[in-house]
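Engineer: Give me a 3D structure for the following:
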Amino acid sequence: MKTIIHILLIGLGMIVLSGCNANGRFALDSKLTGRLATVTANAHEKGDHYTIDITVATQGVYNFLRGKRTEHYRSTGRIRHGIYYSDLLTIERWRPKEKFHDLKEYHLDHRRKKIIRKYQRWSGNKRIENTSTTLDHYGYNDYLTLFHNTLKKYGNISAKRISYTAAGSEETHGKIPVYLTRDPKQIKRWGGPRGGTLLQMGLYKGIFKKRNGSMTVLLDSKNRPVKFYISNLKTINALTGIPIK
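Structural biologist: Predicted structure coming up:
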């Protein structure tokens, strides 16, 4: 379940698509288990800097089985010609039932073309781990900036496949494939709106059948998120994400 939530957060970078300053709430639902989590996302631009803040809180069956889990994701960086260049991605997680708390920081050094990951973990009030690692890949994205930057760079193209290198996805050495299309037939097949856009991200984790899954995001004609799907899961096949009030 923790990996599913992690994947959900990749797609929630899309909140920035609705404007320079945006906020929204989303739910992650399963037909088998009902609502699993709610997410609050905020994006803000000030001058040539941006901030994306996302908080996820588990609900329902997950809380009953594992205890409540809260995660906070934050991306900050600079804006150049409308493109987001991440300087820092932080991921902080709390599991009170297990007295667990950890913090990951991805520092992107664009001059030296390096990403340094710092990791700290606590048990109760005692810090039990503190490490720093230079990763074997570099890119100016983190996984919260991908969809925003895709639309900024390829917004006038009817279809495009892109392979990104992004901070926060070291399991695949930073590689994340993204597919953009405005083909009405494909959008209709996924239940998307007329005149909208489909963005799809490849995901390669053990929770998927043959480690091969995807997240599909449907946007309306104004690039506002309508719905998204996480497909090809081993146990419950698919999850649906929807905006909520």
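Engineer: Can you pull out the low-pLDDT segments for the protein?
Structural biologist: For the chain, applying pLDDT under 70 flags the ranges 1-22, 62, 65-66, 203-213, 231-238.
Engineer: quick one, helices of this protein?
Structural biologist: Ranges of helices in the chain, per DSSP state H, are 2-11, 60-66, 146-154, 184-189.
Engineer: What distance do you get for the residue lying farthest from the centre of the chain to residue 111?
Structural biologist: Here the chain reaches farthest from its C-alpha mean at residue 126, the gap being 29.6 Å by C-alpha atoms, centre = their mean. Per C-beta to C-beta, to the nearest Å, residue 126 is found 36 Å from residue 111. Backbone N, C-alpha and C define where each C-beta goes, glycine included.
Engineer: Show me how far stretch 105-119 is from its chain's centre.
Structural biologist: Taking C-alpha atoms, centre = their mean, to the nearest Å, one finds stretch 105-119 lying 19 Å from the centre of the chain it belongs to.
Engineer: before we move on, what about stretch 127-144?
Structural biologist: So, by C-alpha atoms, centre = their mean, the centroid of stretch 127-144 is 16 Å from its chain's centroid.
Engineer: buried residues in that stretch?
Structural biologist: 137-144 (16 or more other C-beta atoms under 10 Å).
Engineer: and if you look at stretch 69-81?
Structural biologist: For stretch 69-81, by 16+ other C-beta under 10 Å, it's 69, 71, 73-77, 79.
Engineer: what's next to it, contact-wise?
Structural biologist: With contacts defined as C-beta atoms under 8 Å, 6 or more residues apart in numbering, stretch 69-81 is touched by 2, 5, 9, 12-13, 45, 48-58, 62-63, 84-95, 108, 142, 144-145.
Engineer: And stretch 99-116, by the same measure?
Structural biologist: Contacts of stretch 99-116 (C-beta under 8 Å, 6+ apart): 77, 85-95, 117-124, 129, 132-135, 137-140, 142, 167-168, 174.
Engineer: Among those residues, which ones are in strands?
Structural biologist: Among those, the residues falling in strands (DSSP state E) are 77, 85-95, 117-123, 129, 132-134, 142, 167.
Engineer: Report the buried members of those.
Structural biologist: Taking 16+ other C-beta under 10 Å as the criterion, what is buried in the ones in strands among the contacts of stretch 99-116 is 77, 85-87, 89-95, 117, 120-122, 142, 167.
Engineer: Distance of the closest residue to residue 82 other than its chain neighbours relative to residue 51?
Structural biologist: Once flanking residues are discounted, residue 82 sits nearest to residue 152: 4.8 Å by C-beta to C-beta, 6 or more residues apart in numbering. For residue 152, the distance to residue 51 equals 17 Å [C-beta to C-beta].
Engineer: got it, and residue 143?
Structural biologist: 16 Å.
Engineer: Residue 158 now?
Structural biologist: Separation of residue 158 from residue 51 (C-beta to C-beta) stands at 32 Å.
Engineer: between the two, which one's more packed in?
Structural biologist: Per other C-beta atoms under 10 Å, whichever of residue 158 and residue 51 has more neighbours is residue 51, with 14 against 10.
Engineer: Just list whatever residues bridge to the more buried one.
Structural biologist: Note on residue 51: beta-bridge partners by DSSP bridges are residue 44, residue 76.
Engineer: wait, what's in contact with it?
Structural biologist: Contact analysis of residue 51 by C-beta under 8 Å, 6+ apart lists 42-44, 74-76.
Engineer: Put together a markdown table for those, with distance to residue 100 on each row.
Structural biologist: Shown next, in a markdown table, are these (distance: C-beta to C-beta, whole Å):
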| residue | distance to residue 100 |
| --- | --- |
| 42 | 25 |
| 43 | 28 |
| 44 | 30 |
| 74 | 19 |
| 75 | 23 |
| 76 | 25 |
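Engineer: Between those, which sits nearest residue 223?
Structural biologist: Nearest to residue 223 among these: residue 43, at 12.7 Å, using C-beta to C-beta.
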